[in-house]
Each structure stands twice: as C-alpha cells, then as structure tokens.
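> sequence first, then the predicted structure:
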Amino acid sequence: MNSALLSPAPLLSVENLTHLYAPGKGFGDVSFTLYPGEVVGIVGESGSGKTTLLKAISARLTPQQGRIIYCPPGAPGRDLYAMAESDRRRLLRTEWGVVHQHPLDGLRPRVSAGGNIGERLMAIGQRHYGEIRQQAGRWLEDVEIPASRIDDFPTTFSGGMQQRLQIARNLVTHPRLVFMDEPTGGLDVSVQARLLDLLRNLVVEMQLAAVIVTHDLGVARLLAHRLLVMKEGRVVESGLTDRVLDDPHHPYTQLLVSSVLS
Ligand SMILES: Nc1ncnc2c1ncn2[C@@H]1O[C@H](COP(=O)(O)OP(=O)(O)OP(=O)(O)O)[C@@H](O)[C@H]1O
C-alpha cells in the first residue's frame, strides 16, 4: 500500500508504554505515532504482546507506565488515561471503533443486525428511527449483507457475515480511528480474501486511521502503511511496510519473513 498523505500532527502518540502481567508477559517501552489516515500494523508471533498492546492503546487496559496522547485535528491533545473513564467510553462508542477477532465479542447477539448498527448511530445522537434503519440497511449492503437480513440476529449469520456486520457497526459513525485485532483470523481463506478486499477499500475510501494486529504478513502487506514488529513484548523493528517486509533489518523480522516464504 502507498504511504498516506500525512498531516503534520499525529492523531495518536504512544509514549514509552508498558504493561506486564508478569515478567515477559505483556509489552514494554513501546513508543510510536499514528497520523490521520494512516494504518499501522503490529506483527509478531503468538504471545509477543500484540493484543495486550492493542488493548492498552484503545482505552481498554490501563498501562502501568507511559502515556497516550489523542489529538483529533483541530482539537487539543488529551492524555487518554488522564481522562474520565466516561470520556474514554464515549470515545470508543463514537470517534473510535474496535473490531475484535471473534465477531460476537464486538456484537450484541440478542439485538438484530440493524439494531447492532443503529446502536452506534444513537450513541452519536441520532434519534430518527426511519433514518437510522435506512442507514443500517445501506451499511449492510456496503458490507455485502442483503438488507433483507436487517431484522435477523447476528447468531444466525456465518462467521464471515458476522465479521462484516461488526465492521459495519464500527464504521457507521465514520470513526477517525479503528483498532482491529486479527480481523480476518478464524475465517476460511476464500472468505478472508474477500473481507480483506472490503476492508482495504473502506479504509481508503473513509481515510481511516487504523491499528491492526495480525500475525499474517499478507494482511499486513495489504492493509498497513507502516509496521511495528514485536518480539517478547518489545518492538524490535519498525518502518514502512514494504521496507520492513522486503528488506528486514532485525534477525527476528528476517526469520518471520523467511518463514512465510519457505
Ligand atoms: N489477562 C491476562 N493475564 C495474564 N497474562 C496474560 C493476560 N493476557 C495475556 N497474557 C499473557 O501475556 C502474553 C502476551 O499475550 P498477548 O495476547 O498480548 O499476545 P499476542 O501477541 O496477541 O498473542 P496471540 O497472537 O496468540 O493473540 C502472553 O504470554 C499471554 O499469556
């Protein structure tokens, strides 16, 4: 993917962040910036701390050290964990989105597909039932779910459809920033390819900034402008995606890349 046109001020600045459940379990001293419209991929083997880091930067796990500054364009920067808990929760419902690996973790199983999408619209103040339903129907079609399924529960959908519904629920409010944890993990390869294509188009069209955790370097190559490579809770290499994957500098990245090629 080509680099985004970057605005001068980072949307998110992660500074010396640490959260260790136990020695070697979690992540330590991670710093990076994310610009509006930019997609950063976090790659690394299982257990390297990717999900824990994603939780901390998406306001779902208070880090033990360091800070995160969120600075939406035209507004002053705010320290994420110095905000009131209610403000962090509001961010997650409105300007931010979180796409979980297991779609039912990010959906309400006892609420219809339309309700799952409409709920986010209500969180940003929309009240007109007819308009909410219309937007939900449009979004279902945008993520290739027939609008005729609007009243069905997500539990009646296939895994791929559930994941597309979760994406629609998150994107309907046009968030600035989306966090995704293995968004195509657990799906059949053919379903993965279509979902990736859809995600890539949405990210480009909506000029979304995103942080994507994946152990799949193909997903990283397709979606991310920049990569952070994690090993044992540390970022061992970072840089533009093509540079990191085509000319890896750190021995661990070299191993990761060569294990995919072999
Ligand atoms: N709630 C928790 N309590 C204690 N230890 C945890 C907790 N969550 C994760 N860990 C441990 O922290 C380490 C990092 O886990 P994490 O899930 O962040 O890794 P990961 O890179 O996302 O791995 P995977 O790709 O398998 O999801 C692992 O050793 C894991 O067992």
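Nice, thanks for sending it over.
> what is the one helix or strand in the chain whose mean pLDDT sits lowest packed up against?
Taking mean pLDDT, DSSP states H and E as the measure, the helices and strands of the chain show their lowest mean at helix 189-205, namely a mean of 88. Contact analysis of helix 189-205 by 3 or more Cβ pairs under 8 Å, 6 or more residues apart in numbering; DSSP states H and E lists helix 159-171, helix 217-223 as its packing neighbours. Where you see a C-beta, it was placed from the backbone N, CA and C, and this is true even at glycine.
> deepest of these, which one?
Mean neighbours per residue, mean count of other Cβ atoms under 10 Å, is largest over those for helix 159-171, with a mean of 23.
> and whichever helix or strand comes after that helix, which strands flank it?
Next along the chain after helix 159-171, taking DSSP states H and E as the criterion, comes strand 177-181. According to DSSP bridges, the neighbouring strands of strand 177-181, each with its direction, are strand 96-99 (parallel), strand 209-213 (parallel).
> ok, back up a step: contacts for the least confident helix or strand of the chain?
Residues external to helix 189-205 that are found in contact with it (Cβ atoms under 8 Å, 6 or more residues apart in numbering): 1, 39, 142-144, 158-160, 163-164, 167, 171, 180, 183-184, 187, 208, 210, 219, 222-223.
> do that again at 10 Å, thanks
1-2, 4, 37, 39, 99, 142-144, 158-161, 163-164, 167-168, 170-171, 178, 180, 183-188, 208-210, 212, 216, 218-219, 222-224 (Cβ atoms under 10 Å, 6 or more residues apart in numbering).
> please state the offset of that helix from the chain centre?
Remark: helix 189-205 is offset 13 Å from the chain centroid, using Cα atoms, centre = their mean, to the nearest Å.
> ok, now stretch 49-69?
13 Å.
> go through it and flag the buried ones.
49-59, 61, 63, 66, 68-69 (16 or more other Cβ atoms under 10 Å).
> restrict those residues to contacts with the ligand.
Applying Cβ under 6 Å from any ligand atom, the subset of the buried residues of stretch 49-69 adjacent to the ligand comprises 49-52.
> ok and the least confident helix or strand of the chain relative to strand 177-181, angle-wise?
Relative orientation of helix 189-205 with respect to strand 177-181: 160 degrees, computed using axes from the mean of the first three to the mean of the last three Cα atoms, to 10 degrees.
> using CSV, write down the CA coordinates of helix 189-205.
The C-alpha atoms that make up helix 189-205 are tabulated as CSV, following Å, rounded to 0.1, in the frame of the first residue of the first chain:
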residue,chain,number,x,y,z
VAL,A,189,-9.1,-18.5,3.3
SER,A,190,-11.6,-17.5,0.5
VAL,A,191,-13.8,-15.6,3.0
GLN,A,192,-10.6,-13.9,4.3
ALA,A,193,-9.6,-12.7,0.8
ARG,A,194,-13.0,-11.0,0.2
LEU,A,195,-13.1,-9.5,3.6
LEU,A,196,-9.6,-8.1,3.2
ASP,A,197,-10.5,-6.5,-0.1
LEU,A,198,-13.6,-4.9,1.5
LEU,A,199,-11.6,-3.6,4.5
ARG,A,200,-8.9,-2.2,2.3
ASN,A,201,-11.5,-0.3,0.2
LEU,A,202,-13.3,1.0,3.2
VAL,A,203,-10.1,2.2,4.9
VAL,A,204,-9.0,4.0,1.7
GLU,A,205,-12.5,5.5,1.0
